[in-house]
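**Student:** predicted model, plus sequence, below.
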Amino acid sequence: MDNSKLKGWSVVAASWLALFCLFGYRATFSILKVPMSADMGWSQAEITLGYSILMMFYAIAAFFCGMLLDKWGTKLVYGIGAVFGAAGFLVTSQVHSLYAYYAAYGILAGVATGMLWVSSTISVRKWYVGKNYAKMFGIAFMGAPMSQVVMSLFVKESLAGAQGDAWRSAMQILGWLTLLCLLIAAVVAKKNPEDYGLQAFGEKPPASGGKAAKEYVWSIKEAFSSYPIWGAILTFLTSMLAEFLVWTQVVSYWKADLGFNLSTATNLYVTIGIVGIFSMPIMGIIADKIVLISKCESQGRKRMLIFGPATGALACGLLLIQSGTGIVSIIVGVVSCFIFAIYWAVVPGGVVGYSGAVYGRQTLGKIWGLATLIVMGIGPFIGPLIGGYLKDATGSYTYSILFALASFIVSACIASTLPLKAKETDSKNLTPQSVH
C-alpha cells in the first residue's frame with residue numbers, strides 16, 4: 001500500500017478507536033447507573049448529575065483540545081485521553097461517596113470524552129477533504145455504534161444476576177480496555193499531512209510546474225465574526241437538543257406510553273446501534289457522491305445537513321404514529337430506529353465537513369473546538385431537561401417526542417440558510433473548496 005495512504009488509514013483507525021471509547025461511556029452509563037444507585041443508596045437524580053457534570057467538562061475540554069490538536073496533533077491528545085479515559089472508569093470503581101463519584105466520573109471522564117470527540121473528528125478532516133471526507137469519516141464513526149452494541153451487551157451480561165457492587169468490576173474492565181484502545185490510537189495516530197510533505201486526500205493538485213494554493217488561515221475571532229460557523233452551530237445545536245432528548249426518553253416512551261416491556265424497548269433501541277454500524281460508511285459514500293455533483297464541497301455538505309435533520313423529524317413522526325404493542329407497532333418502531341441511524345450517520349460528521357469546507361484545515365481544531373464547547377455545553381443539558389419537564393407537566397412522553405420533531409425541523413430550516421463561503425475579505429483566499 002502507498003505510504004501516504006497507509007498514514008491516512010492509520011488516522012482513520014485511531015479515530016475509530018477514540019470514538020469506540022468515547023461512546024463506551026455514553027452506551028454504558030444508562031446500564032451501570034441502576035446497580036450503582038441500588039448499591040450506594042443514591043437516587044437516580046444524584047447519579048444522573050454525574051453524567052451532567054461529565055458533559056460540562058466534555059464541552060470545556062473540547063475547546064482546549066482543539067488548540068492542542070492544531071499545534072501538536074493527535075498523538076499527544078490520545079495519550080492524555082488514555083490516562084483520563086481509563087481513570088474515569090477505574091477511579092469511579094473505587095469511590096464510596098457521592099462527591100468522589102462526581103469528581104471521578106464527572107471530571108476525569110468529562111475531560112477524556114471531550115478530547116476524544118474533537119480529536120477524532122478533526123484529524124480525519126485534516127487528512128480527507130472534498131469527495132474523500134465523508135466516506136472516511138463514516139468508517140471512523142463506525143466505532144460509535146459498534147461501542148453502543150458491544151459495550152452495552154458486555155455490561156448487561158456482566159451484571160446479569162449479579163448483586164451488590166458487581167458494577168465496580170465491570171467498570172474496572174472498561175477502564176483497562178479504554179486504556180489499551182487509546183494507547184494503540186496514540187501509537188498509530190499521525191500528525192497533519194503537511195508534516196510529512198503530503199496533501200490532504202481530495203485536495204486539488206497544483207497545476208503542472210506550479211505550487212499548491214496557500215490556504216487562508218482563519219483566527220477564531222474572524223471565524224466567529226462570520227455567519228457560516230454560527231449557522232453550523234445552530235444547525236448542530238437544534239439537532240443535538242432533539243437527539244439527546246430522544247436518546248434519553250425513547251425507551252421510557254415505548255415502555256410507559258405504549259406498554260412495551262423493558263426488554264423489547266431496549267432491543268428496539270439497540271437497533272439504532274446495529275444499523276449504525278452499516279449506515280455510517282454507506283451514508284458517507286452517499287454524501288461524497290452528493291459533493292461530486294455539487295459545484296463546491298460546502299454546497300454538498302449543506303445539502304446533507306438539510307437531509308440529516310429531516311430524517312430525524314421523519315423518525316420522530318413514525319414514533320408518534322405507533323400504537324400499542326402489536327407487530328405493526330414493533331415494525332414501525334424498527335423502521336424509526338433505522339431512520340434514526342441514518343440521521344446519526346449524517347449530521348455529526350456533516351457539520352465538521354461543512355465547517356472544514358468553509359474555513360479550511362489549518363485552524364479548524366480551534367474553531368470547531370469552540371463550536372463544540374457551545375453546542376455540547378447546551379444541547380445535552382437542555383434536551384433531556386425539556387423532555388423530563390414535558391413528561392412531568394403532561395404525564396406523557398408524547399410531548400417530548402413532539403418537541404424533538406419540531407427541533408429537527410428547525411435544524412433543517414437553519415441548514416437551508418448556510419452560505420457556501422464566509423464573507424470575503426480576500427476573494428482569492430476565501431473561495432469554497434472545489435470538487436474534483
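**Tutor:** Okay, I see it.
**Student:** thinking residue 358 is in contact with residue 368, fair?
**Tutor:** No. Look at residue 358 against residue 368 with CB atoms under 8 Å: they stay out of range, at 11.3 Å. Every residue, glycine included, has its C-beta placed from N, CA and C.
**Student:** low-scoring stretches of the chain, by residue?
**Tutor:** Scanning the chain for pLDDT under 70 picks out 1-2, 160-163, 203-214, 262, 424-436.
**Student:** do a quick rundown of the helices in the stretch 201-350 of the chain.
**Tutor:** Remark: helices assigned in the stretch 201-350 of the chain by DSSP state H, counting those that start in this stretch are 220-223, 227-252, 262-292, 297-321, 327-359.
**Student:** for the second one, buried residues please.
**Tutor:** Yep, that's helix 227-252 we're talking about. The neighbour-count check on helix 227-252 (16 or more other CB atoms under 10 Å) flags 228-252 as buried.
**Student:** TSV for the helices of the stretch 201-350 of the chain, including distance to residue 377?
**Tutor:** Supplementary listing: those in TSV, determined by distance: least, CB to CB, whole Å:
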stretch	distance to residue 377
helix 220-223	16
helix 227-252	10
helix 262-292	25
helix 297-321	20
helix 327-359	16
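**Student:** of those, which approaches residue 27 most closely?
**Tutor:** helix 262-292 (7.6 Å; CB to CB).
**Student:** relative to helix 297-321, how tilted is the closest one?
**Tutor:** 150 degrees (axes from the mean of the first three to the mean of the last three CA atoms, to 10 degrees).
**Student:** closest to residue 141 out of the helices of the stretch 201-350 of the chain?
**Tutor:** Of all the helices of the stretch 201-350 of the chain, it is helix 262-292 that lies closest to residue 141, at 4.6 Å by CB to CB.
**Student:** and the closest one, how far out from the chain's middle?
**Tutor:** 13 Å (CA atoms, centre = their mean, to the nearest Å).
**Student:** in it, what counts as buried?
**Tutor:** 264-277, 279-281, 283-284, 286-288, 290-291.
**Student:** tilt between that helix and helix 327-359?
**Tutor:** 40 degrees.
**Student:** which strands and helices sit next to helix 262-292?
**Tutor:** Applying 3 or more CB pairs under 8 Å, 6 or more residues apart in numbering; DSSP states H and E, one finds that helix 262-292 contacts helix 133-141, helix 143-159, helix 227-252, helix 297-321, helix 327-359.
**Student:** tell me which of those sits nearest to residue 86.
**Tutor:** Across these, closest to residue 86 is helix 143-159 (CB to CB), at 14.4 Å.
**Student:** and the closest one, what's buried?
**Tutor:** Neighbour-count burial for helix 143-159 flags 143-149, 151-152, 154-155, 158-159 (criterion: 16+ other CB under 10 Å).
**Student:** longest helix of this protein?
**Tutor:** helix 3-40 (DSSP state H).
**Student:** now the angle from the next helix or strand after that one to helix 227-252?
**Tutor:** Moving toward the C-terminus from helix 3-40, the next helix or strand (DSSP states H and E) is helix 44-72. Comparing the axes of helix 44-72 and helix 227-252 via the same axes, to 10 degrees yields an angle of 150 degrees.
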